[in-house]
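*Asks:* coords please:
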Amino acid sequence: MRRALQQVRRGFIVLAWAALAGASLAGCVGSSTGIPQGATPGQGNQTVLNFEEVVAGSTHGCALVNGGSAVCWGTGGDLGDGTQEDRLTPVKVQSPQTFAMLDLGSYSCGVTTNERAWCWGTNTDGRLGDGTVEYRGLPTAVLTNLQFTEITTGAVHTCAVSIDRELYCWG
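*Replies:* Numbering: from 1, shown residues only. Sure, this is the predicted structure:
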């Protein structure tokens, strides 16, 4: 499987494409052709989003847009929209939280502007940090009073750096 995602500079168009052996092209932005696609102002009914940060997961991508809202696209279940539908174009993560950063693997996590960790999607081995192994289609708070500055998703675990620069992992 080969996947590429390119962000040239802040405020520029994001191009994404995928070549997935034996899989759908659900991780593409706006197209299922396998050819790089982007949202260009003035073309059809496309909405241009100003991405602040773009991250790619194993089967989906997400971005922070102006103001800390998150949008995701790709294979359903890990997009934070409460569905398990594949999305070829970005959909808003259904959360009142304002995110400062995101990280993706086969699930999604983010740190909010108030330094709280939230995760959603596949919850194998408790990687979402909510005390369960249940799937979560919407962002769910990591069960801790700790505040974090960074979070990273692993194969079956999640790690985050606290505001005291200590490392915490779960899953």
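*Asks:* which residues sit in contact with the spatially most central residue of the chain?
*Replies:* Geometric centre of the chain, nearest residue: C62, 3.6 Å, by Cα atoms, centre = their mean. Contact partners of C62, counting by Cβ atoms under 8 Å, 6 or more residues apart in numbering, are V54, V55, A70, V71, C72, W73, L79, G80, V93, L102, L104, S108. Using the backbone N, CA and C atoms, a C-beta is placed for each residue, glycine as well.
*Asks:* Thought H60 was touching the first one, still the case?
*Replies:* So the one you mean is V54. No. Between V54 and H60 there is no contact under Cβ atoms under 8 Å: 11.8 Å.
*Asks:* So those two - more neighbours on which side?
*Replies:* For V54 versus H60, the count of surrounding residues by other Cβ atoms under 10 Å is larger for H60: 26 against 17.
*Asks:* Quick check: closest non-adjacent residue to that one.
*Replies:* Leaving out its chain neighbours, the residue that sits closest to H60 by Cβ to Cβ, 6 or more residues apart in numbering is G74, at 2.9 Å.
*Asks:* gap between the one you found and R165?
*Replies:* Using Cβ to Cβ, to the nearest Å, we find G74 at a distance of 33 Å from R165.
*Asks:* Provide the strand pairings for the host helix or strand of S108, with the direction of each partner.
*Replies:* In the assignment (DSSP states H and E), S108 maps to strand 107-112. Sheet pairing for strand 107-112, assigned by DSSP bridges, gives strand 99-104 (antiparallel), strand 117-121 (antiparallel).
*Asks:* looking at these, which is buried most?
*Replies:* Ranked by mean neighbour count, the strands paired with strand 107-112 are led by strand 117-121 with a mean of 27 (mean count of other Cβ atoms under 10 Å).
*Asks:* how far does the helix or strand just after that strand sit from the chain's center?
*Replies:* Following strand 117-121 in sequence order, the next helix or strand is strand 136-141 (DSSP H and E). How far strand 136-141 lies from its chain's middle: 12 Å, per Cα atoms, centre = their mean, to the nearest Å.
*Asks:* Need the residues that contact strand 136-141.
*Replies:* By Cβ under 8 Å, 6+ apart, the residues outside strand 136-141 that reach it are 77, 80-84, 93-95, 97, 110, 116-121, 123, 128, 130.
*Asks:* From those, keep the buried residues only.
*Replies:* 77, 80-81, 93, 95, 97, 110, 116-121, 123, 128, 130 (16 or more other Cβ atoms under 10 Å).
*Asks:* ok, the residues you listed vs N145, which is closest?
*Replies:* R116 (9.3 Å; Cβ to Cβ).
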